[in-house]
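Engineer: Sequence and predicted structure below; questions after.
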Amino acid sequence: MSAVRDRRYWRDRNTWSRYGITYAEYEEMVQEQGGRCLLCGRKQKLCIDHDHESGEIRGLLCRICNSRLGWWETNRELIEAYLEV
């Protein structure tokens, strides 16, 4: 297997095993979103955002928004307590 074909194989396999979609489906989602993050609208490489409990894919986010959303979900009680003060 060539190096390019090998990379494509592992990319496809990782996308399927993590999120249950093919890389072609990911690329279709990117096209549907115009290549932009659903939250901030940045035009960057997009991460698959999913609910960690259900595994359901919510959309594609840039790395910054995906990281921030993950932190917020993990620390929701702390943030809500702070906002109530």
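Structural biologist: Happy to help now that I have it. Numbers count the residues shown, from 1 in each chain.
Engineer: the helices in this protein, which residues?
Structural biologist: Along the chain, counting by DSSP state H, helices occupy 3-19, 23-32, 63-74, 76-84.
Engineer: for the residue nearest the centre of the chain, what are its contacts?
Structural biologist: Residue closest to the mean C-alpha point of the chain, counted by C-alpha atoms, centre = their mean, is residue 48 at 1.9 Å. Neighbouring residues of residue 48 by C-beta atoms under 8 Å, 6 or more residues apart in numbering: 15, 18-19, 21, 26, 29, 57, 60. In short, each C-beta sits where N, CA and C put it, glycine included.
Engineer: State the number of residues packed around residue 20.
Structural biologist: Neighbour count of residue 20, defined by other C-beta atoms under 10 Å: 12.
Engineer: what's around the residue nearest to it when sequence neighbours are not counted, how many residues?
Structural biologist: Leaving aside its sequence neighbours, residue 20 sits nearest to residue 55 (C-beta to C-beta, 6 or more residues apart in numbering; 7.2 Å). The criterion is other C-beta under 10 Å. On that basis, residue 55 has 10 neighbouring residues.
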